[in-house]
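K.L.:
Build me a structure from this.
(chains A and B)
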Amino acid sequence: MQTFNLLERFNLRAVKGLNFLKPRELCYVRVISLVDLTAIDAGVISEAAKHSSMTFVSFPIEEINQAEKVRAVIQLGIRGFALRASYDDKKFLHHDRRGPERSGDLDLIAKVEQFRREYPDVEVVVEFQLRPDLRILAPTIARLYEEGMRWVVLNAEGVPDKLRTSSFREVFEYLRIRSCNYLNVYFPFWNPEFREWDIKTQNTFSGLFEVHIDISNRCTHSCTFCGLYGPAAIEDIKKDNGGKLSPQVNEFMKMEIDSEHCHRIIESLPWSVRLVQFGGAGDPLMHRDAVKFIGAVRSRGFRVSVLSNMEYLGEEDILELHRLSGRKDELHFIANVSAGTPELYVETRPRQTEKTFERVVSVLDRFSTLRETSTDGRGVYFTVMCVVTSINCRSLLDVAKLSVKLRAQKLWFKPMELHANFQAPLVPSGDTMMRDMARSLKAAADYALAHGVELEQQEYCDQIFERYLGEMHV
Amino acid sequence: MSDLVKKVPQDLTVDEVRIGVANGDVPANLYSEIPCTIGHSYIRFEVSGNIVPCCIAKHRIGDVKKNDWRDVWHSGAYDSFRRKMSRIHLDRFHLVDPEWTFCQQCSHVPLNQTNADLLRKGRQEEP
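P.N.:
Numbering: from 1, shown residues only, chains lettered A, B, ... in the order given. You can find the predicted model right below:
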């Protein structure tokens, strides 16, 4: 099970332990007071910046007038400040024409505005203490949102357990009614499993975690297992339209995402996102701007995964992608090879020649070489994917050998029935074939693991071994 | 049009539900026990601009060409998808309603399992 450390997100009271951070995560340096800022030296800030996409320094909002100290922090390279709000019920009584239910804490709003005016180049977040009195908290957030604020941090320290979830829900309910749709709400939780809170409190403001963007339906391959371009799939589609492809299908096969739309989506993703995966009914790398999209996502600091046949990359693209990668598997390709030898590759993809296989192998090999020789530790990682069909199910060891030769990070045997489940003849079946497949899969899995290549979805392999080999050996 | 790509067989019986094939020892009756929380964690944009709440769902909620996706994410339609999926283990509509049988081919089992563990743990801690 994947777990996340609270340091990845917020509440970094002590700057110790920054190594727990995954690179390029949001980082939040919390100091008790601006006076204590002397304790934060350039070394700590640069350490935080190395590990995070954005570093925030937080201090009480009363201290915004200490310009010298704020400037000193900016000079250390900090571009984000979190202002910790405190309320005064009496001030709230001086509400404006909107009435008490919509005004919020006017004094606080004015202070935030003042800070944003004085330091227009820095990102400002307001950290609120959650409190049962929604008459102040929720309208204040909504008013700040209307003034252009796009981030808030909600802190629930000191709130009784019973009230926590329900109070958060009430806040979100209010924000939704006021249409604060582009707000990002974060919790500085003691709880490392922040997703739990996103779901429990129905925090759809920042809860988004994984994004798939389909960018191209075009592809030049005709993989037998493909649900769109495979010969069997084509026949199947033609059958529905009197023996030929309908204009709608032809149009669908040519469709690509509009570059402007794609960039707009990437720019507007909240910072809670961990993974952006590019795919499509075709091959995403057929899109002429695919590398630019990957660059845009990487500049936001998110991890990228691309599912491709890996044929279309030139040397320039490879170098650019290597540059865009990170130290820890932040740019990952899932290369659908599905064959370990040129002959089997051609058998799996009737429209391709052995040259395509050589091309794919050379692209993947080039990525590994760049990664292994890189001086700064960055590099593109990839998974060799193999859709297990009745064609290749007896030759899985070759695929494992190829992935070891190419220094793949992972090897993924994906069952045909889950890839495109309507092509019955391609699904391995029958006792003899299944046992052959299990033996081949066992040999492949053992070989890969012995040579340091991880298995993706190893449970699938284990299940096959148990079902077909377990019986044989008992 | 994308339905061309993901055709889900409609004639599976309950015994044949293949959930778990890709994910090992996850029980086949998984969504009899845990809710689906995909609507909170995931979004997919199709080439055509359609917004899909789950990668295998047939449902299209909104279009990035017409709306900002964040408006769609916060819309009532998306919320009702979330609410529906949060009751999958109680209503079990994926076993009977042809509109929802795609859930039998779920590829987000690990994510839902993780979320369910988190929620279960949170519930125990809460007084």
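K.L.:
got the residues of the stretch 101-250 of chain A near chain B?
P.N.:
A:161-162, A:165, A:176, A:181-182, A:193, A:195-200, A:202, A:204, A:207-217, A:227-228, A:237, A:248-249 (CB under 8 Å from any CB of the partner chain). The C-beta positions use only the backbone N, C-alpha and C, and glycine is treated the same way.
K.L.:
what pLDDT does residue A:439 get?
P.N.:
For residue A:439, the pLDDT comes out at 90.
K.L.:
which SS class is it?
P.N.:
The three-state label given to residue A:439 by DSSP: H, G, I helix; E, B strand; the rest coil is helix.
K.L.:
Tell me which stretches of chain B form helices.
P.N.:
Assigned by DSSP state H, chain B shows helices spanning B:38-41, B:69-73, B:76-85, B:88-91, B:109-125.
K.L.:
closest to residue A:97 out of those helices?
P.N.:
Each of the helices of chain B has some distance to residue A:97 by CB to CB; the shortest is helix B:69-73, at 28.1 Å.
K.L.:
pLDDT (mean, whole number) over the closest one?
P.N.:
Rounded mean pLDDT across helix B:69-73 is 91.
K.L.:
Filter the residues of the stretch 101-250 of chain A next to chain B down to the buried ones, PyMOL style.
P.N.:
Buried residues within these, by 16 or more other CB atoms under 10 Å in any protein chain shown, are selected in PyMOL with:
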select buried, chain A and resi 165+176+181+193+195+196+197+198+199+200+202+204+207+208+209+210+211+212+213+214+215+216+217+227+228+237+249
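K.L.:
In helices, which of the residues of the stretch 101-250 of chain A next to chain B appear?
P.N.:
A:161-162, A:165, A:176, A:195-200, A:237, A:248-249.
K.L.:
Residue A:179: which element?
P.N.:
For residue A:179, there is no enclosing helix or strand under DSSP states H and E.
K.L.:
Counting neighbours, what do you get for it?
P.N.:
Residue A:179 is flanked by 13 other residues according to other CB atoms under 10 Å in any protein chain shown.
K.L.:
And the pLDDT at the closest residue in space to residue A:147 that isn't next to it in sequence?
P.N.:
Setting aside the residues directly before and after it, residue A:147 is nearest to residue A:113 in space (CB to CB, 6 or more residues apart in numbering or on different chains), at 6.3 Å. Predicted confidence (pLDDT) for residue A:113: 92.
K.L.:
and residue A:113, what element?
P.N.:
Judged by DSSP H and E, residue A:113 forms part of helix A:106-118.
K.L.:
now the least confident helix or strand in chain B by mean pLDDT and helix B:76-85, what's the angle there?
P.N.:
Least confident element among the helices and strands of chain B, by mean pLDDT, DSSP states H and E: helix B:109-125 (a mean of 71). Taking axes from the mean of the first three to the mean of the last three CA atoms, to 10 degrees, one finds helix B:109-125 and helix B:76-85 inclined to each other by 80 degrees.
K.L.:
Which elements pack onto helix B:109-125?
P.N.:
helix A:194-200, helix B:38-41 (3 or more CB pairs under 8 Å, 6 or more residues apart in numbering or on different chains; DSSP states H and E).
K.L.:
any idea which of those scores lowest on pLDDT?
P.N.:
Mean pLDDT is lowest for helix A:194-200 out of the helices and strands packed on helix B:109-125, coming in at a mean of 75.
K.L.:
And it, what does it pack against?
P.N.:
Against helix A:194-200 (3+ CB pairs under 8 Å, 6+ apart) you get helix B:38-41, helix B:109-125.
K.L.:
close to chain A, is the shortest one?
P.N.:
Yes. Residues of helix B:38-41 contacting chain A under CB under 8 Å from any CB: B:40-41.
K.L.:
Does residue A:366 lie in a helix or a strand, and which?
P.N.:
helix A:354-373.
K.L.:
which residues sit in contact with residue A:451?
P.N.:
Residue A:451 makes contact with residue A:404, according to CB atoms under 8 Å, 6 or more residues apart in numbering or on different chains.
K.L.:
Tell me the spacing between it and chain B.
P.N.:
In this view, residue A:451 and chain B are 23 Å apart by CB to the nearest CB, to the nearest Å.
K.L.:
Send over stretch A:442-453 as CSV, restricted to the C-alpha atoms.
P.N.:
These are the backbone C-alpha positions of stretch A:442-453, laid out as CSV (Å, rounded to 0.1, in the frame of the first residue of the first chain):
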residue,chain,number,x,y,z
LYS,A,442,7.2,-18.4,-14.3
ALA,A,443,10.5,-18.6,-16.2
ALA,A,444,10.1,-14.9,-17.3
ALA,A,445,9.2,-13.7,-13.8
ASP,A,446,12.1,-15.6,-12.2
TYR,A,447,14.5,-14.3,-14.8
ALA,A,448,13.4,-10.6,-14.4
LEU,A,449,13.5,-10.7,-10.6
ALA,A,450,16.9,-12.3,-10.6
HIS,A,451,18.2,-9.5,-12.8
GLY,A,452,16.7,-6.7,-10.8
VAL,A,453,13.7,-5.9,-13.0
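K.L.:
Buried residues, that stretch. List them.
P.N.:
For stretch A:442-453, burial by neighbour count (16+ other CB under 10 Å) applies to A:442, A:444-445, A:447-448, A:453.
K.L.:
pLDDT on it, on average?
P.N.:
Mean predicted lDDT for stretch A:442-453 stands at 94.
K.L.:
just to revisit the earlier point, right, and the helix or strand after the helix holding residue A:366?
P.N.:
Counting by DSSP H and E, what follows helix A:354-373 is strand A:381-388.
K.L.:
Mind giving me the packing neighbours of that following strand?
P.N.:
Using 3+ CB pairs under 8 Å, 6+ apart, the elements in contact with strand A:381-388 are strand A:331-336, helix A:354-373, helix A:396-405, strand A:410-415, helix A:416-419.
K.L.:
closest one to chain B among the ones you listed?
P.N.:
helix A:416-419 (5.0 Å; CB to the nearest CB).
K.L.:
and that closest one, what's its mean pLDDT?
P.N.:
Average pLDDT, helix A:416-419: 70.
K.L.:
hang on, the earlier thing: what packs against the helix holding residue A:113?
P.N.:
Going by 3+ CB pairs under 8 Å, 6+ apart, helix A:106-118 lies up against strand A:80-84, helix A:89-92, strand A:123-129, helix A:134-146.
K.L.:
related to what we said a few turns ago, tabulate the helices and strands packed on helix A:194-200 in CSV, adding columns for distance to residue A:372 and mean neighbour count.
P.N.:
Shown next, in CSV, are the helices and strands packed on helix A:194-200 (distance: least, CB to CB, whole Å; neighbours: other CB atoms under 10 Å in any protein chain shown):
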stretch, distance to residue A:372, mean neighbour count
helix B:38-41, 35, 24
helix B:109-125, 30, 16
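K.L.:
From chain B, how far out is residue A:318?
P.N.:
To chain B, residue A:318 is 25 Å away according to CB to the nearest CB.
K.L.:
Give me the nearest residue to that residue, chain neighbours excluded.
P.N.:
Excluding its sequence neighbours, the residue lying closest to residue A:318 (CB to CB, 6+ apart) is residue A:366, at 5.4 Å.
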